[in-house]
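Asks: Give me a 3D structure for the following:
(chains A and B)
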Amino acid sequence: MSSASPTTYGELIDTAQRQVAWAAAQLATDRIADRATAETAFTAYRRLLVVAGEHLLFLVGGPHRLEGHAAAVEPEYVDRPALRLARELLDLKATADDARARVSRRGHPVREWTAAARTLGAAQDLVATHHDPRGWDRTVSAGVLESGAARAYGYGEIADLVLGLAGSDRDLALRAAQAGVPWARTMRRLPSLDVIEAAARELRREVGLRGVPDARPPLRGLSVARPGVRVGPPDTELVDRLSRLRLGAWTLARHPRHASAADLVDYAAAAVILHAHVIAHGDQLGITPSLLADLQERRIGWARQHQDLAGLSSGVPVTPGLRADVRALPALAQATLPLTRGAAGVHAAGQPRWDLDQTLTALDACTNIAIANATTLDAIASRGTLFIDARQLPGDRVSDDPGLVTAKLDGRLVPADCDDVTPIVEAYQPLAERRIDTSPTASELDGVVAAPSRAVTR
Amino acid sequence: MGNVRVVSPRHPQWRVQLDALLGELHRRLLASAVDPQLDSGAGLTIAAVDVRELLDWIRSTSDRSESVPQPAAWRPPADTGAAGLLALARFTLSMVARTLHAESDLGLDDLRLLTAVARTVRGIDELLTSA
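Replies: Now for the predicted structure:
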C-alpha cells in the first residue's frame, strides 16, 4: 500500500517527451563532453528512435497485426500512417558501431535519451499489465487499445516525440564534430531521418485532422493493472477500494467458478453503504431531486438483493480480500461523507470530502458491479453450485417432492432452482441501468460483460 | 526600469529577460539586414522573421497582464554593428543555457521554446562568423 497516486500512461509519455525536449535544449546550447560520449550519443539516439517504433507497433496491436492492417480494406484512419512510421523507425537497424557500443548514462544527451527509452518501455509495460501471459484480459480496461480514438491519442504523442527527436539531428552532428568525431564518421553514424520526419508529420496531421474525440482519452489516464490501495486520506482510500471492488466483480464475472454467493452478498452490502452516505449528502453535493429519487430506489434495490442473496449459499470459499475491502467501507464512507442516524432518519453530519464528479464516479462503480454480479449469479446458478435453505421454500414448492419435504423439515440445504434464482438475477436489472453516466469509464464494461437480460436456465 | 515587480508563475524572470533580448535582437537584425557593409543581408532578414516568430511565441504563452520592463541587470551592447549583433546573439545563447541550468521546473513548452531560441541565435552566430 502507498499514498502516491498510481502512475498513468499519460504521465509516462509526458516524462519521455520532457526528457527528449531537455536533451534537445541542452544539445542546442551545450557541447558534448568528449568524443566517447558523442559516440555513445549516436547509439542512444538510434536506439530511442527504434524504441519509439516498437511502441507504435505495440499500440497498433503488435507485429502479428502488421499484415492484417496492411491487407484491411478499411483500416482505422490513423493506423496506416502509424504503421508506416513504425516500419520506418524499425528499419533503423543497429550499425556495427551500435552493436559494439555500451550505452553508459554519462553526460548529456545520452542520459536523457536512455531515460526516455526506458520511460517509453515502462509505458508499454504499464499497458501490458492489463493482459495475462496468454493475452487474456486481466482488467476492465484491457481493451483500451481496441478503440481507434485511444490509439490515435498514443500515435499523436509518439509522433510528437519522434519529431522532437528528429529535430536534434543537426545539433547532434554539430556537437559530435565539436567533440572530435570526424565529419565523415558523423555522417555515417547519424541516421537519415527525412522519410521518418515526413511520416511523423503525416501521422501528426492525421491525428490532428480527425482529432481525439475524448477530452480525457482513456489511454492517457490508464494506470497499472490492479494498483495498490492508497492509505492516508479516507476519501482517496475509499475511491481505491471501490475501484478494487469494481475490478473484483468484473473478474468474478469472467471466472464464475471462483465465485460464491457470499461474495455477492458482500458486494450488495458495499453498494448499500455507499448509497446511504451519498443520499444523506444529496443536497450538499448538488444532486438533483430526480437523481436523488433514483438513488433511493437503488439503495432499496441493493438492500433487497443483500437480503435475498443471503438466503443462498455455495460450496466455494469467499474471495480473499473482498471482505476486507467491504469491512473497511463503513469507516471510510463515514469519514468521507459523514452521516448521523436519528429518530428522524439519516442525515449528513458534516461537509462531504467528495465533489459531485467523484460521487457520481463512485456510484457508477456500483452500476458496473450490478452488471458483473448479475452475470456471475447467472453463471454459478447454471453450474448448479448454488444452494438454498429448504426452510425458505414456500409450501407449494415442496409439496410435490418428498425429498424437499424432508429437507424442509430437517432444515437442510438443497440445490437452488431457477425459480429461486431468476428473480434475484432479474432484480439486478434496474441497478445495472446506466442512468448515471458521467464517468469516463462508464462505457468500459459495455460489450465485456452483458447486462442481465435473461433468466436462469438449467 | 528596475522597479520591484511581482512575476507571475507563467511569466517568470527568464521569460521577461528573453522577451527583452529577442526584442532587441529583432530590432538590430532589421537594421543590420540593410547594412551595405554586411553581405549576409538576406540571411539576416530571414533570421529577423524567425526571431519575430519566437517573440510571438513567447508573448502568446506568457501572462502579459503586467508591463515588461527591460531587466535592470542587462544593457544591450553599445556597438550597433555586426560585432554588437554577434555579442547580443551570444549573450542570448548564454542566457538560454543559464536558464536551463538554473530552472528545475521547466515545462515541455518552455523547453521547446528555449531550444528554438538557442537554434535561431546559434544560426545568427554562424551567419555572422562565416560572412
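Asks: Pull the number of nearby residues for A:Asp30.
Replies: For A:Asp30, the neighbour count with other CB atoms under 10 Å in any protein chain shown is 17. In this view, the C-beta of every residue, glycine as well, is placed from N, C-alpha and C.
Asks: Helix, strand or coil: sort out the residue lying farthest from the centre of chain B for me.
Replies: Farthest-out residue of chain B from its mean C-alpha position, per CA atoms, centre = their mean: B:Pro36, at 24.0 Å. The three-state label given to B:Pro36 by DSSP: H, G, I helix; E, B strand; the rest coil is coil.
Asks: Would you check how far apart it and chain A are?
Replies: Separation of B:Pro36 from chain A (CB to the nearest CB, to the nearest Å) stands at 31 Å.
Asks: ok, now which ones touch that residue?
Replies: By CB atoms under 8 Å, 6 or more residues apart in numbering or on different chains, the contact set of B:Pro36 is empty.
Asks: gap between it and B:Val49?
Replies: 21 Å (CB to CB, to the nearest Å).
Asks: near chain A, which residues of chain B show up?
Replies: Neighbours of chain A within chain B, by CB under 8 Å from any CB of the partner chain: B:93, B:96-97, B:100, B:106-108, B:111-112, B:114-115, B:118-119, B:122.
Asks: change it to 10 Å
Replies: By the rule CB under 10 Å from any CB of the partner chain, the part of chain B lying against chain A is B:93-101, B:106-122, B:126.
Asks: Please indicate which of these are buried?
Replies: Neighbour-count burial within those applies to B:93, B:95-97, B:99-100, B:106, B:108, B:110-122; the criterion is 16 or more other CB atoms under 10 Å in any protein chain shown.
Asks: Among the residues you listed, which lie within helices?
Replies: B:93, B:95-97, B:99-100, B:108, B:110-122 (DSSP state H).
Asks: give me the low-pLDDT residue ranges for the chain?
Replies: Here I'm looking at chain A. Flagging of chain A using pLDDT under 70 yields the residue ranges A:1-4, A:64-76, A:96, A:99-105, A:211-216, A:435-458.
Asks: To clarify, I was referring to chain B.
Replies: Applying pLDDT under 70 to chain B flags residues B:1-11, B:63-74, B:131.
Asks: Going by residue numbers, what spans are helices in it?
Replies: Going by DSSP H, chain B shows helices at B:13-33, B:41-60, B:82-102, B:108-130.
Asks: and the angle for the longest one with helix B:82-102?
Replies: Counting by axes from the mean of the first three to the mean of the last three CA atoms, to 10 degrees, helix B:108-130 lies at 150 degrees to helix B:82-102.
Asks: list the helices and strands helix B:108-130 packs on?
Replies: In terms of contacts (3 or more CB pairs under 10 Å, 6 or more residues apart in numbering or on different chains; DSSP states H and E), helix B:108-130 is packed against helix A:9-29, helix A:148-166, helix A:169-178, helix B:13-33, helix B:41-60, helix B:82-102.
Asks: Let's have those helices in JSON lines, adding distance to A:Val265.
Replies: As requested, the helices and strands packed on helix B:108-130 are exported to JSON lines (distance: least, CB to CB, whole Å):
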{"stretch": "helix A:9-29", "distance to A:Val265": "36"}
{"stretch": "helix A:148-166", "distance to A:Val265": "36"}
{"stretch": "helix A:169-178", "distance to A:Val265": "63"}
{"stretch": "helix B:13-33", "distance to A:Val265": "60"}
{"stretch": "helix B:41-60", "distance to A:Val265": "59"}
{"stretch": "helix B:82-102", "distance to A:Val265": "60"}
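Asks: A:Val346 is nearest to which of those helices?
Replies: Set against A:Val346 and scored by CB to CB, those come closest in helix A:9-29, at 39.3 Å.
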